[in-house]
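Asks: need coordinates for the following:
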Amino acid sequence: MEMLIDFPGGLRVDAHFRGHTLATDQPPADSAPMPFEVFLASIGTCAGIYVLGFCKQRNLPTDGIRIIQRHYPNMMTGLMDRIELEIQVPPTFPEQYHAALIRSAELCKVKKTLENPPVFDVKTTVAEVA
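Replies: The predicted structure follows:
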């Protein structure tokens, strides 16, 4: 998979992939989420995809299910020390599936990538002029 990252103006940095554009920005303009916020949101939404899939496979209703994500940064480094995902279910959700929802959320590919980080290869090349 390839993404094109460009700089449309101001403090905006956009990513283009699969026909989508993901806009990011920095304050003070704040016209889009900051890149780190997008990164953090990818954790909760990825877990949500797995929770949703678990429920759909078993014909369990998803009404009233939500994930509350909390972040606990290290005050010295600004990096995340802990990320908490709380899967909230309505009182009618079968208790026998509570632990399985947690196991499903833990299958998230974003979480697994953080647990087994990739190697980064950053380089500069000269673009060909078209």
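Asks: and K112, its phi and psi?
Replies: When read as degrees, to the nearest 10, the backbone of K112 gives phi -60, psi -30.
Asks: next, count neighbours for it.
Replies: K112 is flanked by 11 other residues according to other Cβ atoms under 10 Å. Using the backbone N, CA and C atoms, a C-beta is placed for each residue, glycine as well.
Asks: what separates L107 from L40, distance-wise?
Replies: Plainly put, L107 is 19 Å away from L40 if you go by Cβ to Cβ, to the nearest Å.
Asks: just the pLDDT for A130.
Replies: A130 is assigned 77 on the pLDDT scale.
Asks: ok, now G53?
Replies: Looking at G53 specifically, the model assigns a pLDDT of 98.
Asks: number of nearby residues for it?
Replies: Neighbour count of G53, defined by other Cβ under 10 Å: 12.
Asks: okay, helices next: where are they in this protein?
Replies: 35-57, 98-105, 109-115 (DSSP state H).
Asks: chain center to the longest one: distance?
Replies: If you compare the mean C-alpha spot of helix 35-57 with that of the full chain, they lie 6 Å apart, counting by Cα atoms, centre = their mean, to the nearest Å.
Asks: likewise for stretch 41-60?
Replies: From the chain centre to the centre of stretch 41-60 is a distance of 13 Å (Cα atoms, centre = their mean).
Asks: show me what it is in contact with.
Replies: Taking contacts as Cβ atoms under 8 Å, 6 or more residues apart in numbering, the residues outside stretch 41-60 that touch it are 33, 61-62, 65, 67, 69, 83, 85, 87, 93-94, 97, 100-101, 104-111, 114.
Asks: any buried residues in it, and which?
Replies: Under the neighbour-count criterion of 16 or more other Cβ atoms under 10 Å, stretch 41-60 has 43-44, 46-51, 54-55, 60 buried.
Asks: check what pLDDT the most centrally placed residue in the chain gets.
Replies: The centroid of the chain falls nearest to S42 when counting by Cα atoms, centre = their mean (0.5 Å). If you check S42, the pLDDT there is 98.
Asks: beta partners for V13?
Replies: Going by DSSP bridges, V13 is paired in beta bridges with T24.
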